[in-house]
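1. kindly return the folded structure for what I paste below:
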Amino acid sequence: TIVATTGNFKTDKYGDYRIYGQNNSVTGAADRITSAGSMTIVGADGTQSVAYAATDTVKDIAQSINLVADTTGVTASAITEMDMTFGAAASGTYQITLQGDNTTAITASFNLASGTGIESLSSAVQSINDHSAKTGIVAKVKDDGTAVVLTHYDGQNITVGDTTYTNAGVITLAGGAGVS
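-> Model (predicted):
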């Protein structure tokens, strides 16, 4: 999520604008920004168009917004977030690759007693967090125990990949907020 701030709160309407990032599963489907575009930043000090490329991360887009902050009065920061879920009957061993800050994928392995529940998903969280210093990706169990939430607090892309290992069940990734 990119959070925009302004010094002028004398307006009666603020917008919520999002460009959604990757929303896919380890098994394949993809829904992401596929072409370049632009957005108009309207702030207390003025208006400026900001372009983005299909390959930009939310960190890149936040940096582009910050480059025109003198013109618009708007600043931005970036956080990337996604949910990783497992089927309810998904007990067994899993192996995934992770990329965030790292250029070479790191493998994380874990066992699940079931695909849901705070206690069951904590082994996935621990395995992912064991690599946080290299990837910048931090994991936690969603409050309701239905997913593992992956977060990169600098807005880098989070890439979760499959390995040649046959996982106990299907892993599904759902994109959180993109740019707002």
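2. now residue 48: how far from residue 153?
-> Counting by C-beta to C-beta, to the nearest Å, the gap from residue 48 to residue 153 is 26 Å. (Each C-beta comes from the backbone N, C-alpha and C, glycine too.)
3. packing partners of the longest helix seen in the chain?
-> Among the segments of the chain that qualify as a helix by DSSP state H, the longest is helix 118-129. The helices and strands touching helix 118-129, judged by 3 or more C-beta pairs under 8 Å, 6 or more residues apart in numbering; DSSP states H and E, are strand 106-112, strand 137-141, strand 148-152.
4. low-confidence ranges, this protein, go.
-> Low-confidence segments of the chain, defined by pLDDT under 70: 1-34, 88-89, 176-180.
5. strands of that one, start to end?
-> Applying DSSP state E to the chain gives strands spanning 37-42, 47-52, 80-86, 92-99, 106-112, 137-141, 148-152, 159-162, 171-175.
6. got the CA positions of the third one in PDB?
-> Once non-C-alpha atoms are left out, strand 80-86 reads as follows in PDB (Å, rounded to 0.1, in the frame of the first residue of the first chain):
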ATOM      1  CA  THR A  80       3.700  -5.000  -0.500                       C
ATOM      2  CA  GLU A  81       1.400  -7.600   1.000                       C
ATOM      3  CA  MET A  82      -0.200 -10.900  -0.100                       C
ATOM      4  CA  ASP A  83      -2.100 -13.800   1.500                       C
ATOM      5  CA  MET A  84      -0.900 -17.400   1.100                       C
ATOM      6  CA  THR A  85      -3.500 -20.000   1.600                       C
ATOM      7  CA  PHE A  86      -3.600 -23.800   1.600                       C
END
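7. helices or strands next to that strand in the packing?
-> Contact here means 3+ C-beta pairs under 8 Å, 6+ apart; on that basis strand 80-86 packs against strand 148-152, strand 171-175.
8. can you say which of the ones you listed is packed in most?
-> Of all those, strand 148-152 carries the top mean neighbour count, a mean of 21, counting by mean count of other C-beta atoms under 10 Å.
9. neighbouring contacts of it?
-> Residues from elsewhere that reach strand 148-152, judged by C-beta atoms under 8 Å, 6 or more residues apart in numbering: 79-85, 100-101, 121, 124-125, 128, 135-142, 158, 160, 176.
10. thank you kindly, that will do.
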